[in-house]
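Peer 1: curious how this folds, go ahead:
(chains A, B, C and D)
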2 protein chains.
Amino acid sequence: MAEPLTETQYRSLARFRHALRRFQRFSEDAARSAGLTPSQHQLLLAVRGFDGPGAPSVTAIGELLQLQLHSAGELVARAASNGLVERRTDPADGRRTLVHLTADGTAMLEGLSVQHRDELRRFRREMNDVLRELD
Amino acid sequence: MAEPLTETQYRSLARFRHALRRFQRFSEDAARSAGLTPSQHQLLLAVRGFDGPGAPSVTAIGELLQLQLHSAGELVARAASNGLVERRTDPADGRRTLVHLTADGTAMLEGLSVQHRDELRRFRREMNDVLRELD
DNA sequence: CGCCATTACATCGTACTACGATCTATTCGT
DNA sequence: ACGAATAGATCGTAGTACGATGTAATGGCG
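Peer 2: Reported below is the predicted structural model:
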């Protein structure tokens, strides 16, 4: 167990990271071109694609974005002051703050998402090719 | 063209980001547990898995990690002062600095790479499931 | 073969973002 | 009803990538 990697596997790992970095660069550039920070873009997507019932709490956003609670809170605060999201205290639990998209946030996200759908289809193929050599 | 996304597609994008964030969190935690910064870990992998002939230049590292040249230079400098890599002026072109792994750097990378190989196999499956709904 | 544009890298100051530590408010268990 | 736990908010800090700028080495071209 824990066998060392072959040269091919090291290259496979490195190529995967390269592809990942390029995807992230694409995504960051696209977000900034649309006038958003990359973090705020991902926040909008996390809210829009939220799985559970109703709107996500700040804690839920922290889990989705893998951020500490207070980092998630700061991100939501910045997005709110940019008019992208709206905070509403959960009527069922006064400790919770639920995050909703504004019309602006929804519109900004839509254009970006179309671009990302295309880019992700490309990335998916590339990643499958690269990671095939991992076995 | 540029058709709006379905609800399922938004969820697919959001789930992909969630999986990606968790992979990156795993990777960052693993690197830090091994005493490396996440950036330095990725630098080691880029050098170890370098495709071209010989060792990569700082410029090549910038491209692989999608960093500006000077950011790549700073990263290499930090890693060098930590004894992970070694800089050698290219004998064939005095402007170039080629980056080599030290024994220390090679050893640190090996343990991390074993963990990442396993985690990436998991991630690959998850990503295929999630992105299947993108079509 | 000598000059200058180009390439490759280094240095310095700045900004963004995530985090640790700490504080407040609300809810829950008993 | 009261202490413990949960959910957020706030403040200061650190790491990292970047822009702007400076320096050294190379290569093309007359």
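
Peer 1: the lengthiest helix in chain A close to chain B?
Peer 2: When chain A is parsed with DSSP state H, its longest helix is helix A:103-131. Yes: Helix A:103-131 is in contact with chain B by CB under 8 Å from any CB of the partner chain, via A:Glu110, A:Ser113, A:Val114, A:His116, A:Arg117, A:Leu120, A:Arg121, A:Arg124, A:Met127, A:Asn128, A:Leu131. Every residue, glycine included, has its C-beta placed from N, CA and C.

Peer 1: okay, now the last one: neighbour count?
Peer 2: When you say that, I think you mean A:Leu131. Counted with other CB atoms under 10 Å in any protein chain shown, residues neighbouring A:Leu131 total 21.

Peer 1: that one is in contact with B:Arg124, isn't it?
Peer 2: Yes: using CB atoms under 8 Å, A:Leu131 is in contact with B:Arg124, at 5.0 Å.

Peer 1: pLDDT weak spots in chain A?
Peer 2: Chain A contains residues with pLDDT under 70 at A:1.

Peer 1: and the strands in chain A, which stretches?
Peer 2: A:85-89, A:97-101 (DSSP state E).

Peer 1: chain B is nearest to which of those strands?
Peer 2: Closest approach to chain B among the strands of chain A (CB to the nearest CB): strand A:97-101, 11.1 Å.

Peer 1: what about the closest one, near DNA strand D?
Peer 2: Yes: shown here: strand A:97-101 in contact with DNA strand D (CB under 7 Å from any atom of the strand) through A:Thr97.

Peer 1: hmm, that strand touching chain B?
Peer 2: No: taking CB under 8 Å from any CB as the criterion, strand A:97-101 and chain B are apart, separated by no less than 11.1 Å.

Peer 1: can you tell me which residues contact the most centrally placed residue in chain A?
Peer 2: In chain A, the centroid-proximal residue (CA atoms, centre = their mean) is A:Gln42; its distance is 3.6 Å. Listed by CB atoms under 8 Å, 6 or more residues apart in numbering or on different chains, the contact set of A:Gln42 reads A:Leu65, B:Arg17.

Peer 1: in stretch A:93-113, what's buried?
Peer 2: Of all the residues in stretch A:93-113, those buried under the rule 16 or more other CB atoms under 10 Å in any protein chain shown are A:Arg96, A:Thr97, A:Leu98, A:Val99, A:Leu101, A:Thr102, A:Gly105, A:Met108, A:Leu109, A:Leu112, A:Ser113.
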